[in-house]
Each structure stands twice: as structure tokens, then as C-alpha cells.
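Engineer: sequence below, structure please.
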Amino acid sequence: MAAMPHTHSLYEVFLRVAADRSFTSAATALGYTQSAVSRQVQSLEGELGVALFDRLPRGVRLTEAGRVLLPHAEAVRDRLAAARAELDALRTLDGGLLRVGAFPTADAALLPRTLAAFRALHPRVEVARTEGSSGKHLRLLAAGDLDVAVVSDTAGRSLEGCTLHHLLDEPMYVALPAGHRLAGRRELRLAELADEEWVAGSARPEDTLMRPAAESGFRPRTAYVVQDWIAKQGFVAAGLGVTLLPALAADAVRADITLVTVHPDDVPHRAVYAATPRGLSPSPATAAFLAQLRETARELTAPRPRR
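Structural biologist: Next up, the predicted model:
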């Protein structure tokens, strides 16, 4: 006794029998046995509580109930065909939607390079992007509003509902104006910058990239609070102060600024992760994007300080 394959619904079997006016012919067309087709029709009739075919000595004919069902079954068939096409597109990365986000400095190189490579491989996958802080993206992931996000050091942020996939550890630079007395150094300790004025994103060092140093007792002299990375560079280039700069953002630094590596004992390398919703099976697009993020992270090397 052959089992009914899952590739055709009861309504599709009904339509095939109605078109061929024969269980035997329908079975041949569908690749089933005649008895299997007969059982499926009987199952549908039992479900609906009506006879759909009159069984004749030679073949079958639609009853009035069968004729009423016919256009509805055709609509079901068409919707199923559309659903299968969309599911196949998801499986083969020939369609679908991927929702991604990243913290600001990841948008300088890591995310754009990943998106470009992903789009070249899977041009029919639509990508919707959000921008903002790591905390914002972790909340969106936990709420089910993102598929994957690139986030940085998660200290103090809730990870409930998220899984982290380590991508890289990025060093920190101090950005100095051209001609600064320390511009020629390969590496600096923060103690050497104790008398410098700083350009920072917050008056509280604990809320900035300076947090690890602040927790160790270093208190920068914050002269200007500037949120935007481009604006920070303008302040540094004008000689108004120095600022910390993550390696991921170094490719976008203007030419009249010099970068010098900060000793990792003062400001540790910052961990960068891809985050996904915890406990959920990643879609094929999400899995492919994660793989591309890892590849880009391997290829992406921290730029050398400007001389």
C-alpha cells in the first residue's frame, strides 16, 4: 500500500481527478497508485461531508457539490503554488527579506563590505537595514524585529533573547591632530595623555569608549562633548583635543589626523559580535549573512596608523 507523498494536497488530487474524470488516469499523472488517489478523495469527502464524484462504470463525474468546490480548490492550488515558490526562494536565497542592523563604526567598513559581498551572491534577497547603538539592536533582536545585528562590547546591556557570535576584537586608536608631539609614536599609554583635552561623546567617561580606562582610574579632561564621528574628527584636526577611535572606523579618518594605537592594558580591544535571536532557527539568508560577516571579519585588518 503506497503512502501518499506530501507534494500534493487533497485539493490538488481532487482537481486532477476532476480534470481526468478517472482515478486511474489521475494516479498515473500524479505518480500514485489508484487506491491511494481513491483514499485521498474519500478523505476529502469525509472532511467536507459531501460526495464530490459520482462513481460510474467507466470513470467518475463531478457531483453538484464537486462543481461548487471546483473554483475554490483551484484557488487553494494557486495559493499553494505561490507559497511553494516563495519557500523555494527562501531556501535557495532567491528571494526573501533579511533585517540587519549595526552600531555606527561597524557601518564604516564591516557591514558595507559584508552587504556588498552578500548582494553579489544573493541579489534577489531584500535587505532592510537599521542603524543605532548596540543596545538598541539587542532590544530589536529580542523583540523579533531584527534577524541579525552587529554589536560591540555588551557590558551593562541585557542579552536576554540573543545569541552572540564572535567576529573580531578591535584595537583602539587615539586620534591626534597633525603635528602633535606624539604623532610619531607606534603606541601610547593613556598616562602620556593625562594633560590633553579630550573630545568625547559624553561628559561621563563611563558612557564612552573610555569606560575601561575610567573604571581603572583614568579621568580624561573632556573639553568638548561631540556625538558625531565626523564632527569629532573636525575638532581633532583643528587642534581642539584628542579622541579615541575604534579600528573599524579608521578607514574613514580624514588625512589631517594621525592615529596611534592605544596600549591594550589601558583600553582593551573591543569585542565585536553578530547577534541573532536566541532559540530561533536562522533562515537560510541569516545563515548565509552570518557566514559572510565572519569572512569579512577575517579579511578586515586594522589599518595602520597614519604617519
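Engineer: next SSE after the helix or strand that contains Arg91?
Structural biologist: Using DSSP states H and E, Arg91 sits within helix 64-92. Later in the chain than helix 64-92, the nearest helix or strand by DSSP H and E is strand 97-102.
Engineer: now that next one, how far from the centre of its chain.
Structural biologist: Distance of strand 97-102 from the chain centroid (CA atoms, centre = their mean, to the nearest Å) equals 4 Å.
Engineer: check which residues of that strand are buried.
Structural biologist: Within strand 97-102, the residues scored as buried using 16 or more other CB atoms under 10 Å are Leu98, Arg99, Val100, Gly101, Ala102. Any C-beta I mention is one placed from the backbone N, CA and C, and that applies to glycine too.
Engineer: before we move on, the earlier item: which helices and strands sit right next to the helix holding Arg91?
Structural biologist: Helices and strands touching helix 64-92, by 3 or more CB pairs under 8 Å, 6 or more residues apart in numbering; DSSP states H and E, are helix 10-20, helix 284-299.
Engineer: what about Val260, distance to Gly184?
Structural biologist: Using CB to CB, to the nearest Å, we find Val260 at a distance of 8 Å from Gly184.
Engineer: between those two, which has more neighbouring residues?
Structural biologist: Using other CB atoms under 10 Å as the criterion, Val260 and Gly184 rank with Val260 on top: 23 against 11.
Engineer: wait, what's in contact with the more buried one?
Structural biologist: Residues near Val260 by CB atoms under 8 Å, 6 or more residues apart in numbering: Tyr173, Val174, Leu176, Leu182, Ala183, Arg185, Arg186, Glu187, Leu188, Pro305.
Engineer: adding pLDDT, distance to Leu141 and secondary structure, write those residues out as CSV.
Structural biologist: Listed next are the contacts of Val260 as CSV, based on pLDDT from 0 to 100; distance: CB to CB, whole Å; DSSP: H, G, I helix; E, B strand; the rest coil:
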residue, pLDDT, distance to Leu141, secondary structure
Tyr173, 94, 29, strand
Val174, 95, 32, strand
Leu176, 96, 37, strand
Leu182, 94, 40, coil
Ala183, 92, 41, coil
Arg185, 93, 40, coil
Arg186, 92, 38, coil
Glu187, 95, 36, strand
Leu188, 95, 36, strand
Pro305, 47, 34, coil
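Engineer: just checking, Arg119 touches Glu126?
Structural biologist: No - contact between Arg119 and Glu126 fails when scored by CB atoms under 8 Å: they sit 10.2 Å apart.
Engineer: tell me the confidence at Met1?
Structural biologist: Listed pLDDT for Met1 reads 34.
Engineer: in the helix or strand of the chain with the lowest mean pLDDT, what's buried?
Structural biologist: Least confident element among the helices and strands of the chain, by mean pLDDT, DSSP states H and E: helix 211-215 (a mean of 85). Within helix 211-215, the residues scored as buried using 16+ other CB under 10 Å are Arg211, Pro212, Ala213, Ala214.
Engineer: do the same with stretch 18-31
Structural biologist: Counting neighbours by 16+ other CB under 10 Å, one finds that the buried residues in stretch 18-31 are Ala18, Asp20, Ser22, Phe23, Ser25, Ala26, Ala27, Leu30.
Engineer: now stretch 241-261
Structural biologist: For stretch 241-261, the neighbour count (16+ other CB under 10 Å) marks 241-250, 253, 257-261 as buried.
Engineer: Gly96: how many residues sit nearby?
Structural biologist: Close neighbours of Gly96, defined as other CB under 10 Å, add up to 20.
Engineer: in contact with the nearest residue in space to Glu299 that is not next to it in sequence, which residues?
Structural biologist: Distance criterion CB to CB, 6 or more residues apart in numbering; nearest residue to Glu299, sequence neighbours excluded, is Arg113 at 7.8 Å. Counting by CB under 8 Å, 6+ apart, Arg113 touches Thr296, Glu299, Leu300.
Engineer: do you know how far the residue nearest to Ala89 when sequence neighbours are not counted is from Val125?
Structural biologist: Of all residues not flanking Ala89 in the chain, Gly95 sits nearest, at 3.1 Å (CB to CB, 6+ apart). Gly95 sits 7 Å away from Val125, going by CB to CB.
Engineer: more neighbours: the two, which one.
Structural biologist: Neighbour tally, Gly95 and Val125, criterion other CB under 10 Å: the higher count belongs to Val125, 21 against 17.
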